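In: any chance you can model this:
(chains A and B)
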Amino acid sequence: MATARRVIFSSYVIPQESLTSESELTKYAIESGCGRTYGGKGTISTTATQWGESWTSMQHTQQYWEDYDSFWEDAAEYWDNTGITISTATSLVVDTDVASTPVLFLYIKNLGTDSDQSLLVSLDGSTYKIIIPPNGSISLRGDGTTLQMEDVKVNKVTSNTTIEFIIAK
Amino acid sequence: MADKIIYKNHCTPQEKLAFAGGDRWYLDSDCGRKLTGNCESKSTSIGTPVTGTFSSTINLTSVQFIYVKNTDTSGSDYLLLNIGSMGAVIRLNYGESFSGDVGATTSDNTTVAITASGTPDFEYIQGS
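Out: Below is the predicted model:
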C-alpha cells in the first residue's frame, strides 16, 4: 500500500512562425520574437489515501476491491482505456462528502481526435473559460482553498468527446 | 507569416512503497501510466514574451492562449492565475508553469489576472 503519493508535472510550449521560401514551400521555425521554447516543471505531494476510487479515471470498472491493497503488477484485470464520454456538463467529482475538499492537483486530457471535439473546463462549477483542443491536456496546482472538488466541471464544445483525468487532494 | 503554438502538458503520478531496505517511488498503481497531451493552440498570433519581478496585479485581456511560469529557482513565493474571473485560482510554485487555451469557445478570448504571494520572478506569453 502506498505510504505517500506525488505527481511530477510539466508543460512545454513551442511558439512557431511560418516561413515561405522562394520555391513557395512553407516551413515552420521558432517564432522570432520568442526565440526559443518555453516550459516549466514541478512536483506536488498529494495525499497517500485519496478521496475515493474515482480520483483518477484510470481506475477501470473491472477493478476488484480485493486488489486495492495489492501491487499494480499483481492485478490481472484488464482496462480497456476508452476514457469517459462527455456529452453534457459533467462534474469530475460526484461524491458530496468531498465537495468542499481543496483540489491539490488536476490533470485533464481530451482524448478526442476530431477538430470539433474540443473540451471546456470550469474551475468554479459554472463558468467555462479553459478550452482543451483535441489530443490536448491541462495540468495545474490548486491554491489549496478556492479550487474545490465540486468546482471542476467539463463540457463538450460541439461533438461528444472522451477524457481521462486525475483530480487529487 | 502565420503563427502557431504547439504545447504539451505531461504528468507522472507516483506512489511510495515501503520496503525493509528503504522506501521507493513507483509509477502510481491507481493510474498505471504517465499521462500526456500534445496539441496546437487555437491562437494564431503570439505576443512578445514578458519577464519581470512581480510587483502588482497583471491584467491581460483578449487572451486565447496563456503560458505563465514562476521563474524563481527556490523559495516560497508563488504566482496565482485567475482565468476569466472564474474565482478559483491556479497556483504556480517556483519552476512551475501553466499553458493552455482559454476562452469559452474555439474562437473566444478572455481575461487572465496574475497575482502573487511575495515577489516571484515570472515570464509569460500571451496568444491571441
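In: could you use CA atoms for every contact and neighbour count after this?
Out: Fine.
In: quickly run through the sheet partners of the helix or strand of chain B with the lowest mean pLDDT, with directions.
Out: Here the helix or strand of chain B ranked lowest by mean pLDDT, DSSP states H and E is strand B:24-27, holding a mean of 93. Its sheet considered, strand B:24-27 pairs with strand B:3-17 (antiparallel) by DSSP bridges.
In: pull the CA atoms of the partner strand into CSV?
Out: What follows is strand B:3-17, C-alpha atoms only, in CSV (Å, rounded to 0.1, in the frame of the first residue of the first chain):
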residue,chain,number,x,y,z
ASP,B,3,2.0,32.0,-36.1
LYS,B,4,1.1,28.8,-34.3
ILE,B,5,1.7,27.4,-30.8
ILE,B,6,2.3,23.8,-30.1
TYR,B,7,2.0,22.9,-26.4
LYS,B,8,2.2,19.8,-24.3
ASN,B,9,1.2,19.1,-20.7
HIS,B,10,2.6,16.0,-19.0
CYS,B,11,2.4,14.3,-15.7
THR,B,12,3.9,11.3,-13.9
PRO,B,13,1.8,10.2,-10.9
GLN,B,14,3.9,8.2,-8.4
GLU,B,15,3.4,6.3,-5.1
LYS,B,16,5.9,5.5,-2.4
LEU,B,17,6.1,1.9,-1.2
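In: which parts of chain B are strands?
Out: With DSSP state E as the criterion, chain B has strands at B:3-17, B:24-27, B:35-40, B:50-53, B:58-63, B:65-70, B:78-83, B:90-92, B:97-102, B:110-117, B:121-127.
In: closest one to residue A:156 among those?
Out: Of all the strands of chain B, it is strand B:97-102 that lies closest to residue A:156, at 14.4 Å by CA to CA.
In: need the contact list for residue 46.
Out: Picking chain A for this. Taking CA atoms under 8 Å, 6 or more residues apart in numbering or on different chains, we find residue A:46 in contact with A:4, A:5, A:6, A:7, A:104, A:105, A:168, A:169.
In: hm, I was asking about chain B
Out: Contacts for residue B:46 (CA under 8 Å, 6+ apart) come out as A:15, B:3, B:4, B:5, B:125, B:126, B:127, B:128.
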